[in-house]
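Q: Return a 3D structure for these sequence lines:
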Amino acid sequence: MKSIKSFLLIVSLAFVMALTSCAHPLGYSAVLWNIPEYNIQDGTIVKVYFKSNISQVYIVGIPGQKERFEVPLWQVTTPSSKKKAMKAFNHYSEYAHQYGKMKVDGLPVREEPVNTSKQVYRLHKDEVVKILFKGEGQDVMVGKNEKLPGDWLYVMTDGGSKGWCFSYNLTLFEIDETGAVVGDSAEDEIIVANEDTILQQVLNAKWYPEAYTRLLADNQIDLETIKLNYGFDTGITSGKIQVNIPEKYHSAKYAGAEKIRDNTYQFTGTPFQLMVRNKDTIVVNYTARDGSQEAYTFVTLAEDVDLTKIIEDEKKRRNEMLNELYKVTSFNSQNYGQLVINSGKTFSWNGFTLLVPDVIPSSAKGRGTVNVKYLLSKDFAGRYDGVLTFKFDGCSDEINFLYKLSNEGLNLENIDFYSIKDNVVISRAGNPTVMFFDK
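A: Take a look at the predicted model:
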């Protein structure tokens, strides 16, 4: 049921984005909490393209870069002009990259910087908050005459709750864009019982998403899914456990691992549990703050699998596909215009009026970028060479075509969103437009 709901949510979001893909971006926002999976620190200005009220996320990207991703609404400032976004973050600049870790359990976050103010959140021991700024507040007293040392800090939790917290029971530290603790504030090395050989083997191994096994066996090298930084980091040296997979990132600092039953371990003070299935497969269980649970399966890869080379070879293969198109001066069709693929993955396309608006949006300009982004299923092997993804200037929507290059010319056939699953084209469009261009 959960997977069905997730699918429907993705489809709904994609549908709404398709309807608004050519609309103007919402503006710019400043990142309030770092995004280590994209090496983005708090304070970075991102461009906001779309807001989903269904999943409570923004679709954002770094200005000047093509990649876009989701962030929770709370993780960035309200979209505005770039100048206003920079000004908004200046309010937090004194504590840029500064976070706080709870020394005690039950520390309250209050509505006002007053010790008797309404409590809006209660922190647990070792929980981390983002320090936003310092304010003036009521003295916190120990007994009748002694003031407790510290400052009132306006903080934000990793769920977006905000309020005032007194700093006496906070340990302040700085983290970099990868989420690692900087300088002297780094925590002590992980303590693990040396006699537990199973756990030692797991913590010292490199773990990848389970899907890698199938994708590598099928030679479906999906560059959106297979990345070197995706997987499970046991934190054996850093002390930070991390789950990093597409659209999911969880992390926590820990100081050890305790065996709670056969082949099952609890990472001390974290919501992570580890179950060892065998020497090559583990399951990581994560318990969210609302009590919901998520399970992720990770695997090791054979020693002769060079993932770096596999990724580089796939990038080279895709570039060579585009180079074959680039060698042709131009592709010409009496009905669909003239298409030129340039070096540097750019294109010009004139005279595509008959494709507007059913295939190409009316706002699209006659130029843009072209790439090989998606893969073909085995059912399409030999029938097509691949999939071309066009991004027209003037529209943020991508237009995808199956293509076949021959001595005579170029065949293109448009496909829609529903033809693509897990970045693989699995079917033709319901009513495709088939085009032929002479060389």
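Q: Okay, strands next: where are they in the stretch 201-350 of the chain?
A: 208-209, 231-233, 240-245, 248-253, 257-261, 264-267, 272-278, 281-287, 293-299, 331-333, 337-342, 346-350 (DSSP state E, counting those that start in this stretch).
Q: how about low-confidence regions in the stretch 301-439 of the chain?
A: The stretch 301-439 of the chain contains no residues with pLDDT under 70.
Q: so where do the helices sit in it?
A: Assigned by DSSP state H, counting those that start in this stretch, the helices in the stretch 301-439 of the chain fall at 307-326.
Q: Skip the chain neighbours and tell me the closest residue to the residue positioned nearest the centre of the chain.
A: Taking Cα atoms, centre = their mean, the centroid of the chain lies closest to Glu247, which sits 4.8 Å from it. Excluding the flanking residues, the one nearest Glu247 by Cβ to Cβ, 6 or more residues apart in numbering is Glu70, at 6.8 Å. For every residue, glycine as well, the C-beta is placed using N, CA and C.
Q: Quickly note the distance from the one you found to Met102.
A: Taking Cβ to Cβ, to the nearest Å as the measure, Glu70 and Met102 are separated by 28 Å.
Q: Same check on Phe232?
A: In terms of Cβ to Cβ, Phe232 sits 25 Å off from Met102.
Q: correct me, but Asn34 touches Val71?
A: No: with contact defined as Cβ atoms under 8 Å, Asn34 does not count as touching Val71 (10.9 Å).
Q: And for the residue nearest to Pro63 when sequence neighbours are not counted, the neighbour number?
A: Counting by Cβ to Cβ, 6+ apart, Lys47 is the residue found nearest to Pro63 once chain neighbours are left out, at 5.0 Å. If you count neighbours by other Cβ atoms under 10 Å, Lys47 ends up with 21.
Q: who's in contact with Lys47?
A: 25, 27-28, 60-63 (Cβ atoms under 8 Å, 6 or more residues apart in numbering).
Q: Among those, which one lies nearest to Tyr326?
A: Gly61 (26.4 Å; Cβ to Cβ).
Q: Phi first, then psi, for the closest residue to that closest one other than its chain neighbours.
A: Distances taken as Cβ to Cβ, 6+ apart place Arg68 nearest to Gly61, at 4.2 Å, with adjacent residues excluded. Backbone torsions of Arg68, given as degrees, to the nearest 10, read phi -130, psi 150.
Q: correct me, but Leu73 touches Gln56?
A: Yes: using Cβ under 8 Å, Leu73 is in contact with Gln56, at 5.3 Å.
Q: Which one of those two is surrounded by more residues?
A: Higher neighbour count among Leu73 and Gln56: Leu73, with 15 against 12, using other Cβ under 10 Å.
Q: Around the closest residue to Lys378 other than its chain neighbours, how many other residues sit close by?
A: The spatial neighbour of Lys378 that comes closest, neighbours along the chain excluded (Cβ to Cβ, 6+ apart), is Asp218 at 7.8 Å. Asp218 sits with 12 neighbouring residues when counted by other Cβ under 10 Å.
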